[in-house]
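# compute the structure for the input listed below.
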Amino acid sequence: MRLSRVLLLCALLVYGCGGGGSSAPQAASGVTVQALAGTWSYAGSGTELVSGGVLCGVSFTGTIVLNSSGTGTLAQSNHSSNCSVTASTNDTITATSVNANGTGTISLASGEVDTIQVSIDLNTIVWADLSTSGFAVTGSALRL
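Numbering: from 1, shown residues only. Predicted structure coming up:
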């Protein structure tokens, strides 16, 4: 239930509340995997359940570079304020699907799969990690 609210909030932030009595998002014409090619700056935060049942707050920032096939690199810095964990990661990222309404998925070589929502103007992506047990994060990426 909490995740549904996060995704709804993300969709409202990207699409607004609509107009003319309709709150349904407008079709994002031109939203394709190829349209996501370029460099993106992103940030996110959430919680991670680590060994011993400790719940840690996590935050991360990074850069994504995608080619026209939707594959690219992710360079990320992670920080956990209450568990004293700091790490940097490099991973392969793939935009696996994007629908005409901007919904889709991205996946990392590490196995993580995230649900995304692309803005109508193709300059913002919001996401939520739905695939990793014990890990609840959301974030956004802006086209550079």
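
# distance of the residue sitting nearest the centre point of the chain from residue 51?
Most central residue of the chain, judged by C-alpha distance to the mean C-alpha position with CA atoms, centre = their mean, is residue 127 at 2.7 Å. According to CB to CB, to the nearest Å, residue 127 and residue 51 sit 26 Å apart. Backbone N, C-alpha and C define where each C-beta goes, glycine included.

# returning to what we had before: residue contacts, the residue nearest to the centre of the chain?
Applying CB atoms under 8 Å, 6 or more residues apart in numbering to residue 127 gives the contacts 10, 44, 106, 114, 115, 116, 117, 138, 139, 140, 141.

# again, only this time at 7 Å
By CB atoms under 7 Å, 6 or more residues apart in numbering, residue 127 lies in contact with 106, 114, 115, 116, 138, 139.

# what of residue 116?
Residues in contact with residue 116 (CB under 7 Å, 6+ apart) are 104, 105, 106, 125, 126, 127.

# which of those residues fall within strands?
Secondary structure of the contacts of residue 116 is defined by DSSP state E; positions in strands are 104, 105, 106, 125, 126, 127.

# just put those residues in CSV and tack on distance to residue 55.
Rendered in CSV, the data for the ones in strands among the contacts of residue 116 read as follows (distance: CB to CB, whole Å):
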residue, distance to residue 55
104, 29
105, 26
106, 25
125, 27
126, 23
127, 21
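
# who wins for neighbours among the residues you listed?
residue 125 (26 neighbours; other CB atoms under 10 Å).

# look up how far residue 70 lies from the spatially closest residue to that residue that is not a sequence neighbour.
What sits nearest to residue 125 in space, not counting adjacent residues and going by CB to CB, 6 or more residues apart in numbering, is residue 141, at 4.4 Å. Spatial separation of residue 141 from residue 70 under the definition CB to CB is 14 Å.

# try residue 116
For residue 116, the distance to residue 70 (CB to CB) stands at 11 Å.
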